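Peer 1: Pasting a predicted model and its sequence here:
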Amino acid sequence: MKKYPNPDNESEQVPVCDFYLQDVANGKKLSLAITIVIILFNQILKMITIKLITWIGEDTYSQRFTSITNGIFVAQFFNTGLLLVMVNANCTEH
């Protein structure tokens, strides 16, 4: 089995399979962390949006409920879309 230098420690040699499996595990951990951050940020955004729209004070309950629903949808839609694009963007050329 061919061995390559460990990127973390150049004096150590690691098998190619171990190097690949370590990269796969790190990728899964990073993906899970990003997912958790997006979910938490959306929950915080939802609470802030509800507080702000309730503070504005619509005339009826249905108007307030419609404003909250539309506000949360738009905020989370753009937040999730922008975060996913930024996370997956390849900015090595910029």
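Peer 2: Sure, I can see it.

Peer 1: just the strands in this protein please.
Peer 2: 3-5, 13-15 (DSSP state E).

Peer 1: pLDDT of the longest helix along the chain, averaged?
Peer 2: Across the chain, the longest stretch assigned as helix under DSSP state H is helix 16-56. Mean pLDDT, helix 16-56: 87.

Peer 1: from the middle of its chain, how far away would that helix be?
Peer 2: Distance, stretch centre to chain centre, for helix 16-56: 4 Å (C-alpha atoms, centre = their mean, to the nearest Å).

Peer 1: which helices and strands does that helix pack with?
Peer 2: Counting contacts by 3 or more C-beta pairs under 8 Å, 6 or more residues apart in numbering; DSSP states H and E, helix 16-56 packs against strand 3-5, helix 61-88. (Glycine included, C-beta is placed from N, CA and C.)

Peer 1: buried sites along the longest one?
Peer 2: Of the residues in helix 61-88, those with enough neighbours to count as buried (16 or more other C-beta atoms under 10 Å) are 64, 67-68, 71-72, 76.

Peer 1: For that helix, name the packing helices and strands.
Peer 2: Looks like helix 61-88 contacts helix 16-56 (3+ C-beta pairs under 8 Å, 6+ apart).
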